[in-house]
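Student: Sequence unavailable; structure follows:
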């Protein structure tokens, strides 16, 4: 069962990293909107913002699920 929780935690960390990268890109697009103009489009930064927030909200949920799996199936103690 430890492999499932390790995979969940790895996925959560990757999602957190991707979420921060997306939010940084979104902030850059909002900051540079005057220069890029119509090349970006109106909805692209908003869609990226929503995706980034969803990925950041998903992080604690995945960690909670991993902790519950650990509590439900504790690892056997080797003697």
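Tutor: Received it, and whenever you're ready, just let me know what you need. Please read these numbers as outputs of a predicted model, since none were measured by experiment.
Student: Any regions of this protein where pLDDT drops low?
Tutor: Within the chain, the segments meeting pLDDT under 70 span 1-2, 34, 36-42, 75-79.
Student: same thing but at 80, please
Tutor: Within the chain, the stretches with pLDDT under 80 are 1-4, 29-45, 73-79.
Student: how about the helices in it?
Tutor: Listed in chain order, the helices of the chain (DSSP state H) span 2-31, 33-36, 44-72.
Student: how about the nearest residue to residue 25 once chain neighbours are set aside, what does it touch?
Tutor: Nearest non-adjacent residue to residue 25, counting by CB to CB, 6 or more residues apart in numbering: residue 48, 6.2 Å away. C-beta coordinates here come from the backbone N, C-alpha and C atoms, glycine included. Applying CB atoms under 8 Å, 6 or more residues apart in numbering, one finds that residue 48 lies in contact with 22-23, 25-26, 29.
Student: Just the buried subset of these, written out for PyMOL, thanks.
Tutor: Listed next is the PyMOL selection for buried residues among these, using 16 or more other CB atoms under 10 Å:
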select buried, resi 22+23+26+29
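Student: Next, format the contacts of residue 48 as TSV and append distance to residue 35.
Tutor: Shown next, in TSV, are these (distance: CB to CB, whole Å):
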residue	distance to residue 35
22	20
23	20
25	15
26	16
29	10
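Student: Tell me the one of the contacts of residue 48 nearest residue 54?
Tutor: residue 22 (9.6 Å; CB to CB).
Student: my guess is that closest one contacts residue 51, does it?
Tutor: Yes - counting by CB atoms under 8 Å, residue 22 touches residue 51, with 5.7 Å between them.
Student: ok, back up a step: gap between the residue nearest to residue 25 and residue 56?
Tutor: 13 Å (CB to CB, to the nearest Å).
Student: Equivalent analysis for residue 23, please.
Tutor: Residue 23 is 8 Å from residue 56, where distance means CB to CB.
Student: swap in residue 71?
Tutor: Using CB to CB, residue 71 is found at 25 Å from residue 56.
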